[in-house]
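Colleague: pasting the sequence and the predicted model now:
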Amino acid sequence: MPDNVSDNESVENLRKLRLKRGQIKSQLTRLSTFLTTFDLSTGNYQQLEARLEKTVDSLEFFNDTQNELEYITGVIEDQEREEFLI
């Protein structure tokens with residue numbers, strides 16, 4: 001029974017990590033959309049700066065989450081990382 005509990009906890013942990021990763025990817029996709037539609041002549045540069053500062057934190061959180069997923073599964077997911085290379 002302890003092995004089964006451990007397996008269930010591992011599956012649940014993986015599910016949570018993948019959910020976190022998906023949320024981070026969504027944030028980064030929204031930023032990408034914002035940047036591609038940002039008007040250099042009329043854009044709000046304070047908003048741009050705030051979003052870029054938040055992006056650094058999001059990328060670090062993404063990398064931490066991805067590292068944990070790869071450690072648990074033993075599978076390196078380069079495609080996930082390449083999506084967000086800046």
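Modeller: Right, received. Where do you want to start?
Colleague: show the residue spans covered by the strands in the protein.
Modeller: Across the chain, reading from the start of the chain, there are no strands by DSSP state E.
Colleague: go through it and flag its longest helix.
Modeller: Secondary structure of the chain per DSSP state H: the longest helix is helix 2-37.
Colleague: in this structure, what helix or strand scores lowest on average pLDDT?
Modeller: Ranked by mean pLDDT, DSSP states H and E, the weakest helix or strand in the chain is helix 78-82, scoring a mean of 78.
Colleague: CA atoms only for that helix - export them in PDB, please.
Modeller: The C-alpha trace of helix 78-82 is given here as PDB (Å, rounded to 0.1, in the frame of the first residue of the first chain):
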ATOM      1  CA  ASP A  78      13.900  20.400 -24.800                       C
ATOM      2  CA  GLN A  79      10.900  21.400 -26.900                       C
ATOM      3  CA  GLU A  80       9.200  22.900 -23.900                       C
ATOM      4  CA  ARG A  81      12.300  25.100 -23.200                       C
ATOM      5  CA  GLU A  82      12.900  26.100 -26.800                       C
END
